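Chemist: can't give you the sequence, but here's the structure:
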């Protein structure tokens, strides 16, 4: 089936006319504004217009439609655990920042970020930076970094209201107000979302899993003088979800989670001739009250305080030095059970970091970056990371780019303190060491107005942390390796009038050394990763397809009406499954589904959007036993004033 779709694509594009790329400025690649053409890393930018025109409510739905080489999995319907994977690696190997605040929960078992509660309505811009970025962003920035910038107040005073409704009694309401003058700017956005949901495991039960989310995003900036400004950012989310137990036959009326999280950041920015200085402080906290199928309640709480300094010195128009230091204080509290007894465990760690990045132009058409970083973890020790990038301007809107980075991932608090069935003491659980290389070619054919982008990547993770999926033992697997390599291809076509077509294809060959380097037999004689009847998928990272492609076709019928057709294909994937309380490898089937979206502008202040997701009502899984979203219709009304 994959070959058929690829053939149709190339037939379609053989007679197409395309548009030239518009120059853009990116921030995340070097923690400072720079032209996209000078960046040696692969960066994808989703601008405010794309976000505004999307009929999606949640960030992950938007990312899935707009970004190549990104895999999103969800354990059921809205509100269920959702992970973002970059370049074939589990979610813990990528970092997410919102307004400079790292979005990880210290009380999570793997220190990863679950993104199911992020609405897109208060977001102004997204930059996805791929490849190892540990020398700039530190712990966990191996597959890449997602930087999210929320909306700021614009000159004057403005309001926006959005009301969406859909199947399963889904209600989605958004309201914001903002403003700015010469001295200050402010923005406040409110989201309310409620749905009766779907049954996440419809092979085991039919009861629905309701979800509710209340969120607020607020920003305030003040210009003290021409050279000094302050920025404040606040985000609070209160959510509730009833979910299905992963074990067949258990009572699915009781499992639920009630979560609250809050993030605040403060920045003071100073410009002094060639120097730019940013002093920052952020504070985050979260609480999760989880109820099991047995009715037992477990509480989890995490918090982090981060102090940052970011400096920039401009040597000349083409050369600058970026440098800084971070101090992180991480705390977590877990409800834990052992031998039938329940008690609370507390854990903490501190990370002290220093980094420097030199961005320069050694030759007229070459832009380069070299950088290094040192991180000291109070229990896992010191780690050094490095990166080098280069971009060669070929002229005629073309460039070759490449990057190489050495990165790392510290163990989570849950892992390093022996709560996850650690076989050894915390002093013997060390960081994972990583290396990442990519090279890409980008061009824009003026005569055809065709954009073309291709990237090869190769990532290796040494001494991977996390235990066998059979015996749950937590340790570094000395000599073990996780690997992920592949190709990402993207093209864009437009007739410069009404029609625009995007296409992307990703081939990812990954290998899970944490499971396969030391396979162990379980009590039933089963051994993981040894049955190669399905090819490389049998030893791949879980939930990572070997082949994936997507296409988005936009058509403007007139100045008021436009529509989009989205095609998504994901090949077979490996995942864990439960049987007799033991985890065993499962191979999930490939799937293909179609989405339709449309918007109609009533006048300058009102427009209506419509979406029909999973048009063919495809029954699919992107996580074992957890069904994907069935055919769903949503309608929204947007007013700006």
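Modeler: Nice, I can see it. Keep in mind that what you see is a predicted model, and the values were worked out from it rather than measured.
Chemist: OK, contacts around residue 381?
Modeler: 430-431 (CB atoms under 8 Å, 6 or more residues apart in numbering). In short, each C-beta sits where N, CA and C put it, glycine included.
Chemist: bridged to it, which residues?
Modeler: residue 377 (DSSP bridges).
Chemist: and the pLDDT at it?
Modeler: Note for residue 381: predicted pLDDT of 89.
Chemist: how far away is residue 136 from residue 163?
Modeler: Distance of residue 136 to residue 163, computed by CB to CB, to the nearest Å: 40 Å.
Chemist: let me redo that: residue 559
Modeler: Taking CB to CB, one finds residue 559 at 24 Å from residue 163.
Chemist: give the helix, strand or coil label for residue 536.
Modeler: Assigned with DSSP: H, G, I helix; E, B strand; the rest coil, residue 536 falls in the helix class.
Chemist: give me the phi and psi for the nearest residue to residue 182 once chain neighbours are set aside.
Modeler: Take residue 182 and drop its neighbours on the chain: the residue closest to it by CB to CB, 6 or more residues apart in numbering is residue 223, 7.3 Å away. The phi/psi pair for residue 223 (degrees, to the nearest 10) reads phi -90, psi 100.
Chemist: next up, the contacts around residue 223.
Modeler: 182-184, 229.
Chemist: rerun at 10 Å
Modeler: Counting by CB atoms under 10 Å, 6 or more residues apart in numbering, residue 223 touches 181-185, 229-230, 269.
Chemist: same question, residue 155
Modeler: 179-182, 185.
Chemist: and the gap between it and residue 161?
Modeler: Distance of residue 155 to residue 161, computed by CB to CB: 20 Å.
Chemist: same question, residue 502
Modeler: Distance from residue 502 to residue 161, by CB to CB: 30 Å.
Chemist: tell me which of these two has more neighbours.
Modeler: Between residue 502 and residue 161, residue 502 has the larger neighbour count (other CB atoms under 10 Å), namely 19 against 15.
Chemist: so which strand or helix has the nearest residue to that one once chain neighbours are set aside?
Modeler: Among residues not flanking residue 502 along the chain, residue 552 sits closest, at 4.5 Å (CB to CB, 6+ apart). Following DSSP states H and E, one finds residue 552 within strand 547-556.
Chemist: could you give me the buried positions within that strand?
Modeler: Neighbour counts over strand 547-556 (16 or more other CB atoms under 10 Å) mark 547-554 as buried.
Chemist: go on, stretch 370-387?
Modeler: 371-373, 375, 377, 379-380, 383, 385-387.
Chemist: need these in TSV (columns: secondary structure and distance to residue 571).
Modeler: Shown next, in TSV, are the buried residues of stretch 370-387 (DSSP: H, G, I helix; E, B strand; the rest coil; distance: CB to CB, whole Å):
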residue	secondary structure	distance to residue 571
371	strand	36
372	strand	38
373	strand	36
375	strand	37
377	strand	38
379	coil	40
380	coil	36
383	strand	35
385	strand	33
386	strand	34
387	strand	31
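Chemist: okay, those in a markdown table with distance to residue 278 next?
Modeler: Putting these into a markdown table (distance: CB to CB, whole Å) gives the following:
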| residue | distance to residue 278 |
| --- | --- |
| 371 | 17 |
| 372 | 20 |
| 373 | 17 |
| 375 | 20 |
| 377 | 24 |
| 379 | 29 |
| 380 | 28 |
| 383 | 24 |
| 385 | 21 |
| 386 | 23 |
| 387 | 21 |
